[in-house]
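Asker: The sequence and its predicted three-dimensional model are supplied below.
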Amino acid sequence: MSERIIIRKATLKDLEAVKRIADVNRASIGFVLRAALIRNIERGWLLVAEEDEMVVGFANYRHRRDDQTTLYEICVAEEHRGNGVGRALLDRLITECQQMGKRYLRLKCPADNEANAFYSKLGFEQVGRERGKRRELIIWEKIITNLEKDLARGGSTLCVL
Ligand SMILES: CC(C)(COP(=O)(O)OP(=O)(O)OC[C@H]1O[C@@H](n2cnc3c(N)ncnc32)[C@H](O)[C@@H]1OP(=O)(O)O)[C@@H](O)C(=O)NCCC(=O)NCCS
């Protein structure tokens, strides 16, 4: 990843840039409502990737009350793909999940979307499939490991090599 890429929380100033990227990629990620983005910016649940002061990608998610975080959308502007931006967004989100004591990061991706190879590359496991409104969806899950917390809980089923 270029050293010029910064991952940070979105602010309302990023709204139009994020919405533009979402709209261009509507076929892949579906229609993203401006109101939903605003709500998540206010909650601190939207990350942006910035290069040369320009937003080039985003991850929109929700920390549920239980131990799950749900990733709604991740998207990188086409001309910036293949440079590690998507990985950097997910790495940052996973760190945030660890800090919050979350156990699972889950998402659904249309079966015909190339992004399935991306999730597999990043260590997600396919845990199910379901029929979506228009397309079949693959359910992906990443178990969030947090060694310190697991030890504090009095042992772990996790094997850390
Ligand atoms: C999926 C997406 C976010 C990946 O972002 P990206 O910045 O291009 O991904 P990265 O460069 O960080 O790639 C990380 C790894 O995944 C792999 N990867 C990424 N996209 C891939 C693809 N389409 N097919 C196969 N592997 C892929 C990369 O090769 C890389 O592996 P490496 O580190 O071993 O080289 C981006 O392609 C995108 O925005 N797609 C359109 C929106 C979308 O479909 N989002 C998902 C909806 S469910």
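Answerer: Nice, thanks for sending it over.
Asker: could you list every residue that touches Phe124?
Answerer: Listed by Cβ atoms under 8 Å, 6 or more residues apart in numbering, the contact set of Phe124 reads 105, 107, 140-142. C-beta here means a position set from N, CA and C on the backbone, and glycine is covered the same way.
Asker: can you list those in a markdown table and add distance to Phe58?
Answerer: Formatted as a markdown table, these follow (distance: Cβ to Cβ, whole Å):
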| residue | distance to Phe58 |
| --- | --- |
| Leu105 | 16 |
| Leu107 | 14 |
| Trp140 | 18 |
| Glu141 | 21 |
| Lys142 | 18 |
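Asker: Name the residues of the chain found near the ligand, please.
Answerer: Residues of the chain lying close to the ligand by Cβ under 6 Å from any ligand atom are 25, 28-29, 74-76, 81-87, 109, 113-115, 117-118, 121.
Asker: does Gly123 count as helix, strand or coil?
Answerer: Three-state assignment for Gly123 (DSSP: H, G, I helix; E, B strand; the rest coil): coil.
Asker: And the pLDDT for it?
Answerer: For Gly123, the model assigns a pLDDT of 97.
Asker: now do Leu158
Answerer: What the model reports as pLDDT for Leu158 is 46.
Asker: can you check Arg4 too?
Answerer: According to the prediction, Arg4 has pLDDT 88.
Asker: who does the residue lying closest to it once chain neighbours are set aside bridge with?
Answerer: Spatial nearest neighbour of Arg4, excluding adjacent residues (Cβ to Cβ, 6 or more residues apart in numbering): Glu51 at 5.2 Å. Counting by DSSP bridges, Glu51 is bridged to Ile5, Met54.
Asker: what separates Glu51 from the ligand, distance-wise?
Answerer: Using Cβ to the nearest ligand atom, to the nearest Å, one gets 11 Å for the distance from Glu51 to the ligand.
Asker: Can you flag the buried ones in the residues of the chain next to the ligand?
Answerer: Neighbour counting with 16 or more other Cβ atoms under 10 Å marks 25, 29, 74-76, 83, 85-86, 109, 113, 115, 118 as buried within the residues of the chain next to the ligand.
Asker: I am finished for the moment; much appreciated.
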